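Peer 1: model this:
(one chain, ligands or ions: 1)
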Amino acid sequence: MSEQKRIPQHIAIIMDGNGRWAEQHGKERYEGHIAGVEPVRTSLRRAAQLGVKYLTLYAFSTENWGRPQPEVDALMELFCKCIVGELPNFLEEGVRFRAIGERSRFPEQVRNNLDRAEKETAHCERITLIVALNYSSRDEITRAVQRIAARVSRGELRPEEITPQTVSSSLDTAGIPDPDLVIRTSGECRLSNFLLWQSSYAELWFPEVLWPDFTARDFDRAVEEYARRDRRFGLVK
Ligand code: FPP
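Peer 2: Model (predicted):
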């Protein structure tokens, strides 16, 4: 594709369909998640090539703890392995790593790996990879409201001084621009508690492809579709 086209600054992806992919291939669900790692690498590479500055991936929701324990354990192991395993590539490729979501519930090793990846890549500037882990919008907004209420009760802020900017800067995504394009694979057309505040004006794209089958071509298609959209932000052209 032409690299001259309008490129989203921030793309967010709901990586859906790993379980169905596994079922279609006669495999266990966790094998679908393992097969979902390569499209993560492919999307990150393609995003960086195109000049996308932020890529957010929804990897584990606050609701996902309710999945069968072996699947949760397999996902924890996969996150642990991938975060540290990919560190040399992140450093080489200029990828800054960030995690959003409430991380205190994660096993210590996962938390340590997240902290380490964030610290070691803090100077990287080509692209920021944001992974949403134990994340849901309602949980994030609730935690933001608690932070704002605490500031009010300490007398640092008056209720009438609270603006949308106060809320944005109290979210886990503080300092990260809102997503321009949200992609959800597997044909499901919903946002499932993902970046609800931040996606107020995002373009949405719901390809049928299951996440493990998502390719650079699919990524390009989403960006091409985005370039065709007419974004008005509630205004008149
Ligand atoms: C949703 O598919 C996918 C997940 C809950 C896990 C996503 C995790 C990965 C792709 C692993 C690699 C990620 C990183 C960031 C290292 P599903 O299981 O809900 O699929 P289904 O709807 O077909 O059952």
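
Peer 1: use CA for all of it now, contacts and neighbours both
Peer 2: Noted.

Peer 1: how about the strands of this structure, start to end?
Peer 2: Using DSSP state E, the strands found in the chain span residues 10-14, 54-61, 95-100, 127-135, 181-184, 203-205.

Peer 1: Give me the sheet partners of the fifth one and which way each runs.
Peer 2: In this case it means strand 181-184. Sheet pairing here is set by DSSP bridges, and for strand 181-184 it gives strand 10-14 (parallel), strand 203-205 (parallel).

Peer 1: May I see those organised as a markdown table, with mean neighbour count and mean pLDDT added?
Peer 2: Shown next, in a markdown table, are the strands paired with strand 181-184 (neighbours: other CA atoms under 10 Å; pLDDT from 0 to 100):
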| stretch | mean neighbour count | mean pLDDT |
| --- | --- | --- |
| strand 10-14 | 24 | 98 |
| strand 203-205 | 19 | 98 |
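
Peer 1: Quick one: name the residues of this protein near the ligand.
Peer 2: 15-20, 33, 36-37, 59-60, 79, 82, 131 (CA under 6 Å from any ligand atom).

Peer 1: if we go to 8 Å?
Peer 2: Residues of the chain lying near the ligand by CA under 8 Å from any ligand atom: 14-22, 29, 32-37, 39-40, 57-61, 64, 75, 78-79, 82-83, 131, 186, 210-212.

Peer 1: Next step: these restricted to helices.
Peer 2: 18-22, 29, 32-35, 37, 39-40, 75, 78-79, 82-83 (DSSP state H).

Peer 1: Sort out which of those residues are buried, if you could.
Peer 2: 18-22, 29, 32-33, 35, 39-40, 75, 78-79, 83 (16 or more other CA atoms under 10 Å).

Peer 1: Excluding chain neighbours, what is closest to Cys80?
Peer 2: Closest residue to Cys80 apart from its sequence neighbours, by CA to CA, 6 or more residues apart in numbering: Val110 at 5.3 Å.

Peer 1: Look up how far the ligand lies from that neighbour.
Peer 2: Going from Val110 to the ligand by CA to the nearest ligand atom, to the nearest Å gives 12 Å.

Peer 1: Quick check, that residue in contact with Met76.
Peer 2: Yes. Val110 lies in contact with Met76 (CA atoms under 8 Å); the separation is 7.1 Å.

Peer 1: Between the two, which is the more surrounded one?
Peer 2: Val110 (21 against 17; other CA atoms under 10 Å).

Peer 1: Now do the contacts for that one.
Peer 2: 76, 79-80 (CA atoms under 8 Å, 6 or more residues apart in numbering).

Peer 1: before we move on, what about Arg147?
Peer 2: Ser170.

Peer 1: Relative to Tyr58, how far out is it?
Peer 2: 23 Å (CA to CA, to the nearest Å).

Peer 1: Repeat that for Gln165.
Peer 2: Following CA to CA, the distance that separates Gln165 from Tyr58 is 24 Å.

Peer 1: Who has more neighbours out of these two?
Peer 2: Ranked by neighbour count (other CA under 10 Å), Gln165 and Tyr58 place Tyr58 first, with 21 against 9.

Peer 1: Could you verify my assumption that that one touches Ile11?
Peer 2: No. Counting by CA under 8 Å, Tyr58 sits too far from Ile11 to count as a contact (11.4 Å).

Peer 1: And the residue lying farthest from the centre of the chain, how far from Asp230?
Peer 2: What lies farthest from the middle of the chain is Gly155; by CA atoms, centre = their mean that is 34.2 Å. Noted for Gly155: a distance of 44 Å to Asp230, by CA to CA.

Peer 1: Next: Glu161.
Peer 2: Distance from Glu161 to Asp230, by CA to CA: 34 Å.

Peer 1: Check the burial of the nearest residue to Ala35 once chain neighbours are set aside by counting its neighbours.
Peer 2: For Ala35, ignoring the flanking residues on the chain, the nearest one in space by CA to CA, 6+ apart is Pro212 at 5.3 Å. Pro212 has 25 neighbouring residues, counting by other CA under 10 Å.
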